[in-house]
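**Student:** okay, predicted coordinates and the sequence, questions at the end:
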Amino acid sequence: MELNLERPILFFDIESTGLNIATDAIIELSFVKILPGNETKIKTWRVKPWDYAGNCQKKINPSAQDVHGISDEDLKDEKRFSEISDEVQDWLEGSDLAGFNSNKFDLPMLAEELERVRKYMHKNIRINLHEMKMVDVQNIYHQLEPRNLKAAYKFYCGKELENAHAAEADTMATYEVLKAQLDRYPEQLKNNVTFLANFSERQKIVDYAGRLVYNDRKEVVINFGKHRGKTAREVYETEPSYFSWVENGEFTLDTKQQFIQLRRAFETEKAEARKAAMKKLTDKEIEQSIGSLAEKWGSGRLF
């Protein structure tokens with residue numbers, strides 16, 4: 001079954017130097033863009049992983065190299081992510097997103113690279129990934145037939161996945177699996193990106209690392225550490241220094257940015273409340289002054 005699209009959907013997959021979102025980097029990025037009418041466009045980049053603070057190429061973790069087979073030498077002449085970020089944003093613009101295990105890894109890693117470009121290269125990032133619908137095909141798969149991409153491809157498409165852990169092969173496989181899922185589960189799945197994004201989302205997160213989540217009342221809640229389960233507002237009111245600790249700690253740039261935005265929102269609310277209280281006090285003082293003048297006029301006295 002072909003996808004029923006109102007706007008383009010961009011399937012993507014990432015290979016990286018390792019699995020730590022905060023410290024590792026993208027080395028291969030593949031996009032498969034499906035347009036309404038099912039025209040397909042494909043773009044794959046090899047990327048030199050860059051340590052912006054140290055101004056040097058990041059090393060690939062040996063365990064990661066064992067999986068994807070890409071070496072440091074393979075990437076030494078490739079462009080850094082900052083050099084392709086404008087083109088990457090062009091591909092992302094106006095699209096919904098889809099991937100396999102993308103909510104936990106690929107999307108946070110992509111967001112982190114974009115935030116590094118913003119922070120270290122001082123470039124404008126016009127794409128807000130948090131505003132884009134995201135269909136995680138693995139979450140659909142795990143809810144209906146729990147396994148991994150290779151097993152999913154064999155189960156749904158009836159063939160072995162060749163060249164697994166190459167970004168383009170994994171991306172194309174993910175696209176084929178989603179189409180096959182729509183064919184297999186017509187009563188449980190709707191051919192609609194909004195439905196699929198909601199269906200594949202396990203928990204409503206605020207930052208991609210899941211350090212902040214929404215509760216049933218749509219309040220932002222801390223999802224780790226000593227304040228786990230408390231609302232961000234409660235923590236700000238009782239321990240505002242906690243926000244500074246996060247902003248200066250070893251967290252992803254996306255997580256830090258969400259804490260910064262929350263702090264700014266709370267500070268703005270507090271300032272507006274203070275301003276409203278002062279205005280109320282001023283109005284009361286004016287009323288008292290008018291009352292005093294009225295008494296003087298009424299008694300025939302000016303002073």
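**Tutor:** Great, that's in hand. None of these values were measured; they are calculated from a predicted model.

**Student:** what's the burial count for residue 50?
**Tutor:** For residue 50, the tally of surrounding residues (other C-beta atoms under 10 Å) stands at 24. From N, CA and C alone the C-beta is placed, and that goes for glycine too.

**Student:** quick check: it touching residue 27?
**Tutor:** No: using C-beta atoms under 8 Å, residue 50 is not in contact with residue 27, being 10.4 Å away.

**Student:** surely residue 102 and residue 133 touch.
**Tutor:** No: between residue 102 and residue 133 there is no contact under C-beta under 8 Å: 11.9 Å.

**Student:** okay, these two: which has more neighbours?
**Tutor:** residue 102 (26 against 17).

**Student:** tally of neighbours for residue 277?
**Tutor:** Counted with other C-beta under 10 Å, the neighbours of residue 277 add up to 10.

**Student:** ok, now residue 189?
**Tutor:** Based on other C-beta under 10 Å, the number of other residues close to residue 189 is 19.

**Student:** quickly find the element holding it.
**Tutor:** Using DSSP states H and E, residue 189 sits within no helix or strand.

**Student:** now do the phi/psi pair for it.
**Tutor:** phi -120, psi 140 (degrees, to the nearest 10).

**Student:** with adjacent residues omitted, what lies nearest to it?
**Tutor:** Nearest non-adjacent residue to residue 189, counting by C-beta to C-beta, 6 or more residues apart in numbering: residue 182, 5.7 Å away.

**Student:** for the residue lying closest to residue 204 once chain neighbours are set aside, what are its contacts?
**Tutor:** Closest residue in space to residue 204, ignoring its immediate chain neighbours: residue 214 at 4.3 Å, by C-beta to C-beta, 6+ apart. Residues near residue 214 by C-beta atoms under 8 Å, 6 or more residues apart in numbering: 204-206, 220-221.

**Student:** what about residue 214, distance to residue 201?
**Tutor:** With distances taken as C-beta to C-beta, to the nearest Å, residue 214 is found 11 Å from residue 201.

**Student:** try residue 147
**Tutor:** In terms of C-beta to C-beta, residue 147 sits 19 Å off from residue 201.

**Student:** how's this structure carved up into domains?
**Tutor:** Following automatic domain parsing, the chain resolves into domains at 9-202, 220-278.

**Student:** from what I can see the residue nearest to residue 189 touches residue 1, true?
**Tutor:** Yes: counting by C-beta under 8 Å, residue 1 is a contact partner of residue 182 at 4.3 Å.
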